[in-house]
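**Q** Here is my input, please return the structure:
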Amino acid sequence: MKCNYQIIFLHQFWCTQEIFHLSIATPVFLGLMFLELVVGVLKTGAPGVTISDGLTSISAGMISRLPMLLVRGCELSAYMLVWERYRLLELPWDSAWTWWFCLLGVDFCYYWVHRFAHEVAFLWAAHQVHHSSEYYNLSTALRQSLTQQFASWIFYLPMALAVPPSIFAVHIQLNLLYQFWIHTELIRDLGPLEWIFNTPKHHRVHHGRNLYCIDKNYGGILIIWDRLFGTFALEADKVVYGLVYPIKTFEILSVQFHYYLYLWDKSNTYKTISDKLSAFIKGPSWSPGKPRLGDHLNNPKVTGKEVPHNPSWSPLLQVYVVLHFLLVLQTYHDLLENKMMLSQLTILGMTLYVLLTLTSLGFIMDQRPAAAALEMLRCVAMVTLQRYGAVKPLLPWLAVPTEVRRQWRRF
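**A** Next up is the predicted model:
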């Protein structure tokens, strides 16, 4: 009966996690991002984030959760399967030792998830999304990959041999939530805590493209794993953030998938099957004749004077993009909050609308030639969805034109 209670709790926890993220975590995240913005302006005279980069980061976070609408999470599904069929022992769920062991276990597994995501090219293709911003602020924490979750679950399976799924589910969320606050430049040093915990100072190094920063400081909550396994580096020279080769785009699908296309093109330049496969399974910097992780001899030199990609665009267009982003954010909230009551067809339609909107806004921020045509198509889709009640207007009076048309048709 104990196991049944755990599974019931686990099912309820997992079914409501998206509502939890939106109703509790998201307002807190947004509030902290606003606070960081204000404090940053007061301390440095600059906001530390741009509209285009901030919206791209939040958009990536939104997209990363969309698969949960259509499929159950890989991490927990696989974990429950191993737990039910192959567990070797059952640690007591009501013991404090079990909870502490799980905290260490999840963080240890996360270290290896994170390290492999940097050292295996096809895993890096997913994880590079998180590193693609040339800014470092709390919004960067939300810049997550759509595809990484489909591989990361493998690393947590050994814990399923002993740790109850309900405890694992809590700690996998806590581990993720902890890592939000370390994405900031405002907190400089935390003294003795720097020896044990992953802090903003350590994680800034991890996000740098300076030579001394690359492939360092993988820890989630604790930095002790990096100190033990030789991947630790102290913050030294000014950290220059982003990918070694910045992508210079705010279009969300490009941010998510461009590296997969690069890997495909890279593998096609090689002649042997071994080299073609190595392009995917060895390090991102690997090429024939180099060690497994490659080297950084051809990396662009970092001077500390690099300027993040920030093309100018009109204030009126910025207001337009922000307003429509808030509208799609409301749609996204409604979609996840009501997913248990919506049909699969409605969920699919609203999901495609969210993707279309975020893509179109990215086109506008990139100032692409096709932006106007795509935005017109998106607006037609938005009005259609409003007509059938699938999308709510940002302000009630914005619904007047469609309501008048609806009443007119009755006559």
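**Q** What is the burial count for the spatially closest residue to residue 58 that is not a sequence neighbour?
**A** Among residues not flanking residue 58 along the chain, residue 142 sits closest, at 5.4 Å (C-beta to C-beta, 6 or more residues apart in numbering). All C-beta spots, glycine's among them, are computed from the backbone N, C-alpha and C. Neighbours of residue 142 under the rule other C-beta atoms under 10 Å: 22.
**Q** show me what contacts residue 216?
**A** 205, 206, 226, 231, 232, 233 (C-beta atoms under 8 Å, 6 or more residues apart in numbering).
**Q** Specify the local secondary structure of the closest residue to it other than its chain neighbours.
**A** Take residue 216 and drop its neighbours on the chain: the residue closest to it by C-beta to C-beta, 6+ apart is residue 233, 3.9 Å away. The three-state assignment at residue 233 reads coil, by DSSP: H, G, I helix; E, B strand; the rest coil.
**Q** The residue nearest to residue 58 reaches residue 60, doesn't it?
**A** Yes: Residue 142 lies in contact with residue 60 (C-beta atoms under 8 Å); the separation is 6.8 Å.
**Q** what about residue 107, neighbour count?
**A** Residue 107: 20 neighbours (other C-beta under 10 Å).
**Q** give me the element residue 359 is part of.
**A** helix 344-366 (DSSP states H and E).
**Q** Give the buried residues for that helix.
**A** 346-347, 349-351, 353-366 (16 or more other C-beta atoms under 10 Å).
**Q** next one: stretch 305-319
**A** 309, 318.
**Q** And the residue nearest to residue 58, how far from residue 386?
**A** 27 Å (C-beta to C-beta, to the nearest Å).
**Q** residue closest to the middle of this structure?
**A** residue 144 (1.1 Å; C-alpha atoms, centre = their mean).
**Q** what about that residue, which SS state?
**A** Applying three-state DSSP: residue 144 is coil.
**Q** how about it, what does it touch?
**A** Contacts of residue 144 by C-beta under 8 Å, 6+ apart are 60, 61, 64, 129, 130.
**Q** now, which of these lie within strands?
**A** Among the contacts of residue 144, no member is found in strands (DSSP state E).
**Q** quick check, nearest of those to residue 168?
**A** residue 64 (20.0 Å; C-beta to C-beta).
**Q** Once you drop chain neighbours, what's closest to the closest one?
**A** Nearest non-adjacent residue to residue 64 (C-beta to C-beta, 6+ apart): residue 144, at 3.9 Å.
**Q** Now do the same for the one you found: its pLDDT.
**A** Reported pLDDT at residue 144 in the predicted model: 95.
**Q** same check, this time on residue 394
**A** So residue 394 comes in at 59 (pLDDT).
**Q** for residue 330, same thing?
**A** 88.
**Q** Pull out the buried positions in the helix or strand containing it.
**A** Using DSSP H and E, the element containing residue 330 is helix 315-337. Buried residues in helix 315-337, counted by 16+ other C-beta under 10 Å: 318, 321, 324-325, 327-329, 331-336.
**Q** what angle do that helix and helix 344-366 make?
**A** Relative orientation of helix 315-337 versus helix 344-366 (axes from the mean of the first three to the mean of the last three C-alpha atoms, to 10 degrees): 160 degrees.
**Q** Show me what helix 315-337 is packed up against.
**A** helix 2-20, helix 51-65, helix 67-70, helix 344-366 (3 or more C-beta pairs under 8 Å, 6 or more residues apart in numbering; DSSP states H and E).
**Q** Repeat the analysis, applying 10 Å as the threshold.
**A** On a contact count with 3 or more C-beta pairs under 10 Å, 6 or more residues apart in numbering; DSSP states H and E, helix 315-337 meets helix 2-20, helix 26-44, helix 51-65, helix 67-70, helix 344-366, helix 371-387.
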